[in-house]
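Asker: got a structure for you, letters missing:
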């Protein structure tokens, strides 16, 4: 017998699945150059002709944003994977796992800051970034829950 979707709890690896989806979605945004469209304006030349001039943002700027965000997303996934691959059986391993979990949370905060900086510099409507910001904040919440669950392991280890 199956459980209704509304009655189901989060899976144990929800933080992992959400991070993968977040990475894919933001990568798709980057492939579209953040949704920035070049501005086209009409200019009259000296001989009286009207010419269309395309104003945009330099490719190097978008490339820099793209590279930094891709790197942060990669670091996020590497820290989640490393933290999940450590199953602590002693205090040192538990601390190592917590370091990876904390690093993943830091990556999410860095990603938020980079997205805000893009909003400040590029002519992008805030509404385009809101779903991504919400997903990043959810990821932070899930990662903090994962890190908090390590307290149970800590009690188990101290009980041995």
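Answerer: That came through, no problem. The model shown is predicted, which means the values in this text are computed figures rather than measured ones.

Asker: so where does the residue nearest to residue 80 when sequence neighbours are not counted fall, helix or strand?
Answerer: Leaving out its chain neighbours, the residue that sits closest to residue 80 by CB to CB, 6 or more residues apart in numbering is residue 104, at 5.0 Å. Every C-beta, even on glycine, is put in place using the N, C-alpha and C of the backbone. Taking DSSP states H and E as the criterion, residue 104 maps to helix 91-121.

Asker: Now do that helix: which elements does it pack against?
Answerer: helix 59-85, helix 126-159 (3 or more CB pairs under 8 Å, 6 or more residues apart in numbering; DSSP states H and E).

Asker: Tell me the buried residues in the first one?
Answerer: For helix 59-85, the buried set under the neighbour-count rule, 16 or more other CB atoms under 10 Å, comprises 62, 65-66, 69, 72-73, 75-77, 79-80, 82-84.

Asker: where does this structure dip in pLDDT?
Answerer: Within the chain, the segments meeting pLDDT under 70 span 1-11, 37-41, 52-55, 160.

Asker: Please repeat the previous calculation with a cut-off of 50.
Answerer: 8, 10 (pLDDT under 50).

Asker: Most remote residue from the middle of it, which is it?
Answerer: residue 47 (50.9 Å; CA atoms, centre = their mean).

Asker: Does that one fall in a helix, a strand, or a coil region?
Answerer: coil (DSSP: H, G, I helix; E, B strand; the rest coil).

Asker: List phi and psi for it.
Answerer: Main-chain torsions, residue 47, degrees, to the nearest 10: phi -90, psi 10.

Asker: what about the residue nearest to residue 80, how many neighbours?
Answerer: For residue 104, the neighbour count with other CB atoms under 10 Å is 28.

Asker: tell me the contacts of it?
Answerer: By CB atoms under 8 Å, 6 or more residues apart in numbering, residue 104 lies in contact with 19, 76, 79, 80, 83, 143.

Asker: Identify, from the residues you listed, the entry nearest to residue 155.
Answerer: residue 83 (18.9 Å; CB to CB).
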